[in-house]
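Novice: Build the 3D model from these lines:
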Amino acid sequence: MTATDADGHGFRHRLVSDIRNYLGRSMAAQVIALGAGLVIARVLGPTDYGLWSGLQLISIYCAYASLGMLVALNREIPIWRGRGDSAKVGRMRDASLGATLLLVALISAGLVGYSLWRSQQLDRDLFVGILFMAAIVGFQQLLAFFDVLFRSANDFTTVGRLRLYRTVIEMSSAIALVVLFGFVGRVLAAALALFLMVLYAARRNRQPIHPRIDVPEVG
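Specialist: Down below sits the predicted model:
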């Protein structure tokens, strides 16, 4: 076996191992989310749980606000890395992070502005919930960016950890905080889990990133 064959075999073995770990952590996260979700729903009650479910629509639709930029990044990075053009890969990473940060600022500012504008008409829990969603959506976009970086680098171990750790932190803290603060505890737990995962992802990332606004590159 040549050195090249050995390197290729080692890469395939690591990739298969990473994917296996990723699938295991993903399944564990789903089981934990299902079990804890039933407990949280029972403690919150139908009204507050329905409010939380409604607010989640904001994060679901805002996930598409990047208009496919992160999907394209996930496709393009492996292509240009395979061509040996590290400068192009770096420009794409920097431009995508810059665009993501700008997008986060716009969405979060819009949600905060709306909640303040409609504060007199909104129910207290809904008002607080929208304010928290401004932070949740922002952290969600940043975590999605890092998720793409790890996927494009075939680092499925970290991708799996992010999913599992987020679920464990959010579900465990949600149960405790909902008991203490009711509905507010639920949105606080979601924001806390995402914030910690963004910090963890930033520490795990080994790829140099310098965010910048580059419209042609993003386009």
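Novice: OK, contacts around residue 125?
Specialist: Counting by CB atoms under 8 Å, 6 or more residues apart in numbering, residue 125 touches 48, 51, 183-184. In short, each C-beta sits where N, CA and C put it, glycine included.
Novice: For this structure, which segments count as helices?
Specialist: Remark: helices assigned in the chain by DSSP state H are 3-62, 69-82, 86-117, 124-152, 156-181, 183-204, 215-218.
Novice: Tabulate those helices in JSON lines, adding columns for mean pLDDT.
Specialist: Formatted as JSON lines, the helices of the chain follow (pLDDT from 0 to 100):
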{"stretch": "helix 3-62", "mean pLDDT": "78"}
{"stretch": "helix 69-82", "mean pLDDT": "83"}
{"stretch": "helix 86-117", "mean pLDDT": "89"}
{"stretch": "helix 124-152", "mean pLDDT": "91"}
{"stretch": "helix 156-181", "mean pLDDT": "90"}
{"stretch": "helix 183-204", "mean pLDDT": "94"}
{"stretch": "helix 215-218", "mean pLDDT": "75"}
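Novice: Rebuild the contacts of residue 125 as JSON lines, extending it with distance to residue 13.
Specialist: Formatted as JSON lines, the contacts of residue 125 follow (distance: CB to CB, whole Å):
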{"residue": "48", "distance to residue 13": "48"}
{"residue": "51", "distance to residue 13": "48"}
{"residue": "183", "distance to residue 13": "48"}
{"residue": "184", "distance to residue 13": "47"}
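Novice: which of those residues sit farthest apart?
Specialist: With CB to CB as the measure, no two of the contacts of residue 125 lie farther apart than 51 and 184, at 10.9 Å.
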